[in-house]
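**Student:** Next input, structure requested:
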Amino acid sequence: MTKSNRRIFGVLLGAGMAALAGTAAIADTCGVTRPIKLIVGYGAGGGTDSYARILASVMPEFLDDTPMVVVNKPGGAQVAAMKFVKEAAPDGTTLQVVAMGGGLMSTMLRDTGVSWFEDFVPIAQIGLTNQAIVVRRDSGIETTQQLIDFIRQKGAAGERVRWSHPGRGSVSHVGVTAFLEKNGLLEFTQDVPFDGGANTRNALISGEVDFSASGAHTVPAFSDVQHAVGLLAEERDAQVGDIPTLAEQGIEYVPTESPIILAAPAGVDPAFVTCMAAAVRGATEHAAFTAMMKKAEQAIVYRDAPATDAKLRALAAAWTPVIAEVRKALGQ
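**Tutor:** Next up, the predicted model:
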């Protein structure tokens, strides 16, 4: 977690705990009497990590004070974390907060040893992130079309434009690759993968790459050094509404939303899933949670287990032709 993010989270946590004081705990551990590990497939300080830490700070109030501990296992577009959770005992003590854009796409793009719908059970959706294409503030590039023109100019000169993302198979990687392919730019670019959003962003700020993929929610905090030229979505982000979509700019793209969900390894007791989903709903509706999420500029979207499963299956169906197109473009 970056120094600024640690400071912000400390303030949010303090405010959240103050709001929780005096509220009676729900006496239901959902059958779990040991601390619950929340596994996150990205490094500390990123968007998925923030969701997990805010959730972990509020959930004990709804689980008879059973603690939740966030454990970061970054790498491979969340695959390392998914494999860890997949192999854990399905007793409710090891769960994962997953950014499902990347979670689904990474398993669809290549053989990772993980089959999401066979290896996991969704408990609830808690949020949603959108992906933005960002450049350095001092680049002189203001719009997506100007970025397209820049890439074409470099390509005509025999140069390849470098761009960063948090891992091949991530929603950022697939979404931007599809954008590049649809606009005839893929051959003029070179993707550079990093572990997590913070390292992806640092590569842009340092000048190691010329543009980057970023969660829209992280853009305001670094607006002095980076600029978002477009959102890979049909509608503007609910929390960061000043980023124009590629749709409204008339640019070819593939929508790449990423539901943030809580999941358990397959084989977990259905009663645990139902109980935990109810606890998650209580947490997401609590004033402390909503205040912290608003401060962090993160969207709250709650769905129970059946609705989350239906949403994920619909996304997988919609992304299947996109994945095939991207695999072909990448020569896989």
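**Student:** residue contacts, residue 225?
**Tutor:** By CB atoms under 8 Å, 6 or more residues apart in numbering, the contact list for residue 225 reads 136-137, 205. Bear in mind the C-beta positions are built from the backbone N, C-alpha and C, glycine included.
**Student:** Give me the neighbour count for the nearest residue to residue 35 once chain neighbours are set aside.
**Tutor:** Excluding its sequence neighbours, the residue lying closest to residue 35 (CB to CB, 6 or more residues apart in numbering) is residue 67, at 4.6 Å. By other CB atoms under 10 Å, the residues close to residue 67 number 12.
**Student:** close enough to count as contact, residue 67 and residue 60?
**Tutor:** Yes: between residue 67 and residue 60 there is a contact under CB atoms under 8 Å: 5.6 Å.
**Student:** ok, which stretches of the stretch 51-200 of the chain are helices?
**Tutor:** For the stretch 51-200 of the chain, the helices defined by DSSP state H, counting those that start in this stretch cover 79-86, 100-109, 116-119, 144-156, 171-182, 196-205.
**Student:** re earlier: from the contacts of residue 225, which single one is nearest residue 322?
**Tutor:** Using CB to CB, residue 136 comes nearest to residue 322 of the contacts of residue 225, at 28.2 Å.
**Student:** closest to residue 250 out of the helices of the stretch 51-200 of the chain?
**Tutor:** Proximity to residue 250 (CB to CB) singles out helix 144-156 among these, at 8.4 Å.
**Student:** State the mean pLDDT of that closest one.
**Tutor:** Helix 144-156 shows a mean pLDDT of 98.
**Student:** list the buried ones in that helix?
**Tutor:** 144, 147-148, 150-151, 154-155 (16 or more other CB atoms under 10 Å).
**Student:** Apart from its chain neighbours, what residue comes closest to residue 155?
**Tutor:** residue 188 is the one closest to residue 155 (CB to CB, 6+ apart), at 3.1 Å.
**Student:** What's the local residue count around the one you found?
**Tutor:** Using other CB under 10 Å: residue 188 sits among 19 other residues.
**Student:** my guess is it contacts residue 153, does it?
**Tutor:** No: look at residue 188 against residue 153 with CB under 8 Å: they stay out of range, at 9.2 Å.
**Student:** Would you confirm that residue 74 contacts residue 41?
**Tutor:** Yes: if you go by CB under 8 Å, residue 74 and residue 41 touch, sitting 6.4 Å apart.
**Student:** Distance-wise, check residue 55 relative to residue 124.
**Tutor:** According to CB to CB, to the nearest Å, residue 55 and residue 124 sit 10 Å apart.
**Student:** swap in residue 104?
**Tutor:** 17 Å.
**Student:** do residue 81 as well
**Tutor:** 18 Å.
**Student:** Would you reformat the contacts of residue 225 as a markdown table and include pLDDT, neighbour count and distance to residue 304?
**Tutor:** As requested, the contacts of residue 225 are arranged in a markdown table below (pLDDT from 0 to 100; neighbours: other CB atoms under 10 Å; distance: CB to CB, whole Å):
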| residue | pLDDT | neighbour count | distance to residue 304 |
| --- | --- | --- | --- |
| 136 | 98 | 18 | 42 |
| 137 | 97 | 14 | 41 |
| 205 | 96 | 15 | 40 |
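**Student:** burial measure for residue 37, as a count.
**Tutor:** Residue 37 has 18 nearby residues by other CB under 10 Å.
**Student:** Use 26 as the first number from now on
**Tutor:** Understood, numbering begins at 26; the last thing we discussed is residue 62.
**Student:** What residues of the helix or strand harbouring residue 333 count as buried?
**Tutor:** Using DSSP states H and E, the secondary-structure element containing residue 333 is helix 330-354. Neighbour counts over helix 330-354 (16+ other CB under 10 Å) mark 330, 333-334, 336-337, 340-341, 344, 347-348, 350-351 as buried.
**Student:** Also stretch 239-248?
**Tutor:** Residues of stretch 239-248 classed as buried: 239-244, 247 (neighbour count, 16+ other CB under 10 Å).
**Student:** in the stretch 176-325 of the chain, which spans are strands?
**Tutor:** Per DSSP state E, counting those that start in this stretch, the stretch 176-325 of the chain carries strands over the ranges 186-190, 214-218, 236-240, 251-256, 283-290, 324-328.
**Student:** got JSON lines for the ones you listed, with distance to residue 124 too?
**Tutor:** Listed next are the strands of the stretch 176-325 of the chain as JSON lines, based on distance: least, CB to CB, whole Å:
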{"stretch": "strand 186-190", "distance to residue 124": "13"}
{"stretch": "strand 214-218", "distance to residue 124": "16"}
{"stretch": "strand 236-240", "distance to residue 124": "9"}
{"stretch": "strand 251-256", "distance to residue 124": "16"}
{"stretch": "strand 283-290", "distance to residue 124": "5"}
{"stretch": "strand 324-328", "distance to residue 124": "13"}
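**Student:** With distance to residue 274 and mean pLDDT added, can I get the ones you listed in JSON lines?
**Tutor:** Listed next are the strands of the stretch 176-325 of the chain as JSON lines, based on distance: least, CB to CB, whole Å; pLDDT from 0 to 100:
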{"stretch": "strand 186-190", "distance to residue 274": "18", "mean pLDDT": "97"}
{"stretch": "strand 214-218", "distance to residue 274": "19", "mean pLDDT": "95"}
{"stretch": "strand 236-240", "distance to residue 274": "15", "mean pLDDT": "93"}
{"stretch": "strand 251-256", "distance to residue 274": "6", "mean pLDDT": "97"}
{"stretch": "strand 283-290", "distance to residue 274": "21", "mean pLDDT": "96"}
{"stretch": "strand 324-328", "distance to residue 274": "22", "mean pLDDT": "94"}
